[in-house]
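Colleague: sequence first, predicted model second:
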Amino acid sequence: MPARAEANPANVRWHWPIAVALVMVSVVYAFWWIPTRVRPWNDFAFVYAAGRSWLAGVSPYNFDRWNAEWAAIRPPETHVAQPMPFMYPPHWGPIAALMALLPWPVAMRVWDAVNVLTYLGACIFSAKLVGVELQALARQPSVWLVLAIATLNPALRYSIFQSQMAIFSTFGVVGAFWAWHEKKTVWLAVFAFIASLKPQVGVLPLLYVFLNGGHAGVLWAAAAALIAGFLSMMPTDLARFPADIADNYLLHKRLDFNQPNEFSSLPALTAGYLSADIFMLIGPVLATVLVSVMTWMRRRGTAPAVFDDPLWQLSLVMAATGALMPVHGYDLVIYTPLAFLAYRLKSTPSVLLLAGLIVMHRRLPLPAAFLTGGIAAVVVVAACRYRDGRLGFVKSRR
């Protein structure tokens, strides 16, 4: 689908100064915390402590041993009120062990660089999915405005501040959709492996790719994850692994920030009615059904026409991830490709609404679930209206 044409440059000379100024403001806003040597909270420390455990031949899912490693590196400013276990998947092992070979102050800065570079990579791959050559896009101020919108997403600032893993996984998801679209199976496997490192971010998009022709790359990634996880856990007491995981899950679900009302997805609105276990299941089950229905409609040729477009497909799946999967505020960096979707929308109100929700979703005095649900609704309605400006479904071309 062709991108919207730019207006006559002679009439919009003021667009460039505005776009450049907003990009500069957004970069300062998002990455303000990078120079801070010690932050009161650093989520990457969980992975680093797991790496130290693996290097010592100890399972990071053995809470007491892992917690001792974490306590050795976390700053005194970090207040720990509840036991906080390591719950990332075991195929983190090679990456975590490699990072743990570095001194903690160095590893922390390396991870900051990884977050910045993979965010830039997610933006580049999102731009590639627009369907216009990158050099041509770079000459259009509207694309830089879109980049500013993506970077002003408060989830990015939040994720940078906490040295989170959501940016890395989002990079994997966007790269996987690019590789799937370009039919590059090896790159799809690489990006799918990265995406799967944070399952609540990566599983739903990878399921969609798997069901829609990218199964070979996703299966290679799954095999690599199984091998990496097994090799990581082999030197440890494998017989204890199931029991350790079960014990850690019990600790994990008791944490204050893992209570249902602390999540950003729509099921959080049911927090007073469902147990924590049911809450953790209902969103992913609904998301799986949704992706299955999307695939069925696409195969039958009854899906919206935008289902032929990888950026639209990625945006729909990421909007569903934010609305249904158990994600926290920092995970909503997954909205990065949705900002680039704004470049493709034909309706100015839709552009303003989508951009406004991306930029303001943590600033409005509303439950986060209303805003993630609102973003999903905007994307779905825009998808149905995209072909001819009228709400309704049209035949897919394949």
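Modeller: Received the coordinates, thanks.
Colleague: so where's this structure uncertain?
Modeller: 1-12, 38, 386-398 (pLDDT under 70).
Colleague: repeat that with 50
Modeller: Across the chain, the ranges flagged by pLDDT under 50 are 1-6, 388-398.
Colleague: just the strands in it please.
Modeller: Remark: no strands are assigned in the chain by DSSP state E.
Colleague: residue 141 versus residue 13, what's the distance?
Modeller: 10 Å (C-beta to C-beta, to the nearest Å). Where C-beta positions appear, they are placed from N, C-alpha and C, glycine not excepted.
Colleague: quick one: buried residues of stretch 32-50?
Modeller: The neighbour-count check on stretch 32-50 (16 or more other C-beta atoms under 10 Å) flags 39, 42, 43, 44, 45, 46, 47, 48, 49, 50 as buried.
Colleague: how about a markdown table for the residues you listed, with distance to residue 219 added?
Modeller: Output for those, formatted as a markdown table (distance: C-beta to C-beta, whole Å):
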| residue | distance to residue 219 |
| --- | --- |
| 39 | 38 |
| 42 | 34 |
| 43 | 30 |
| 44 | 29 |
| 45 | 33 |
| 46 | 29 |
| 47 | 26 |
| 48 | 30 |
| 49 | 31 |
| 50 | 26 |
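Colleague: residue 376: which of the residues you listed is nearest?
Modeller: Using C-beta to C-beta, residue 43 comes nearest to residue 376 of the buried residues of stretch 32-50, at 25.7 Å.
Colleague: quick check, the closest one in contact with residue 167.
Modeller: No. Counting by C-beta atoms under 8 Å, residue 43 does not reach residue 167; the two are 11.2 Å apart.
Colleague: thinking again about what came up before, closest to residue 153 among the buried residues of stretch 32-50?
Modeller: Closest to residue 153, out of all of the buried residues of stretch 32-50 and judged by C-beta to C-beta, is residue 43, at 17.8 Å.
Colleague: now do the contacts for the closest one.
Modeller: By C-beta atoms under 8 Å, 6 or more residues apart in numbering, the contact set of residue 43 is 162, 163, 164, 165.
Colleague: turn the residues you listed into TSV, including neighbour count and distance to residue 307.
Modeller: Shown next, in TSV, are the contacts of residue 43 (neighbours: other C-beta atoms under 10 Å; distance: C-beta to C-beta, whole Å):
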residue	neighbour count	distance to residue 307
162	19	35
163	23	36
164	25	31
165	23	30
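Colleague: of those residues, which is the nearest to residue 228?
Modeller: residue 165 (15.8 Å).
Colleague: now for the closest residue in space to that closest one that isn't next to it in sequence, how many residues are close by?
Modeller: Nearest non-adjacent residue to residue 165, counting by C-beta to C-beta, 6 or more residues apart in numbering: residue 198, 5.1 Å away. Neighbour count of residue 198, defined by other C-beta atoms under 10 Å: 24.
Colleague: residue 311 too?
Modeller: 25.
Colleague: surely it touches residue 337?
Modeller: Yes. Residue 311 is within contact range of residue 337, at 6.6 Å (criterion: C-beta under 8 Å).
Colleague: shared neighbours of those two, anything?
Modeller: Shared contacts of residue 311 and residue 337 (C-beta under 8 Å, 6+ apart): 126, 129.
Colleague: got phi/psi on residue 60?
Modeller: phi -70, psi -10 (degrees, to the nearest 10).
Colleague: swap in residue 77?
Modeller: phi -70, psi -20.
Colleague: before we move on, back to that, which of residue 13 and residue 141 has more neighbours?
Modeller: residue 141 (21 against 10).
Colleague: how much space between the more buried one and residue 134?
Modeller: 15 Å.
Colleague: now do residue 231
Modeller: Distance of residue 231 to residue 134, given as C-beta to C-beta: 38 Å.
Colleague: all helices of the stretch 1-150 of the chain, in order?
Modeller: Secondary structure of the stretch 1-150 of the chain (DSSP state H, counting those that start in this stretch): helices at 15-30, 44-55, 63-73, 93-100, 104-128, 134-138, 141-151.
Colleague: and residue 175, which of these is closest to it?
Modeller: helix 104-128 (5.2 Å).
Colleague: what residues of that closest one count as buried?
Modeller: 104, 107-108, 111-112, 114-116, 118-119, 121-123, 125-128.
Colleague: do stretch 264-273 as well
Modeller: Residues of stretch 264-273 classed as buried: 264, 265, 266, 267, 268, 269, 271 (neighbour count, 16+ other C-beta under 10 Å).
Colleague: give me the contact list for it.
Modeller: 259-262, 274, 279, 282-283, 286, 322-329, 331-332, 367-369, 371-373.
Colleague: now with 6 Å?
Modeller: Identification of contacts with stretch 264-273 by C-beta atoms under 6 Å, 6 or more residues apart in numbering yields 260-261, 279, 282-283, 323-325, 327, 329, 368-369, 372-373.
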